[in-house]
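Engineer: All I have is the shape, not the residue letters:
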């Protein structure tokens, strides 16, 4: 599935149109779904549970739903965000990750 199709599907399953309400919904949704991912990984790492990839996939999908909706609400696309992130990291670490550059960076 491409990002434009996914974005349309996100809107198909969201009935909120008010921008302020969308911002609140997406912020709370991202926080909540991030917590779901963290909890699943915590149980795997510290409670001897097996990593349930199917559940992890669903939780990451829920997180992506909210992130896509947030991007669209503020006029960004996931492509915009992905490119900006790659540009930032290439500038910060032109030769790949470097722990020393990480410790001494100014931002």
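Structural biologist: Nice, I can see it. Because the structure is a prediction, the values reported are computed rather than measured. Numbering: from 1, shown residues only.

Engineer: Quick check: residue 68 vs residue 106, distance?
Structural biologist: Taking C-beta to C-beta, to the nearest Å as the measure, residue 68 falls 32 Å from residue 106. (Each C-beta comes from the backbone N, C-alpha and C, glycine too.)

Engineer: In terms of neighbours, single out the busier of these two.
Structural biologist: residue 68 (22 against 3; other C-beta atoms under 10 Å).

Engineer: Report the contact partners of the closest residue in space to the more buried one that isn't next to it in sequence.
Structural biologist: Spatial nearest neighbour of residue 68, chain neighbours left out: residue 10 (4.9 Å); criterion: C-beta to C-beta, 6 or more residues apart in numbering. Applying C-beta atoms under 8 Å, 6 or more residues apart in numbering to residue 10 gives the contacts 65, 68-69, 72.

Engineer: same thing with residue 66?
Structural biologist: Contact partners of residue 66, counting by C-beta under 8 Å, 6+ apart, are 25-26, 29-30, 33.

Engineer: Please apply the same query to residue 43.
Structural biologist: residue 49.

Engineer: Quickly find the element holding residue 34.
Structural biologist: helix 19-46 (DSSP states H and E).

Engineer: For the following helix or strand past that helix, which residues meet the burial criterion?
Structural biologist: Sequence order places helix 53-73 as the next helix or strand after helix 19-46, per DSSP H and E. Residues of helix 53-73 classed as buried by neighbour count (16 or more other C-beta atoms under 10 Å): 59, 62-63, 65-73.
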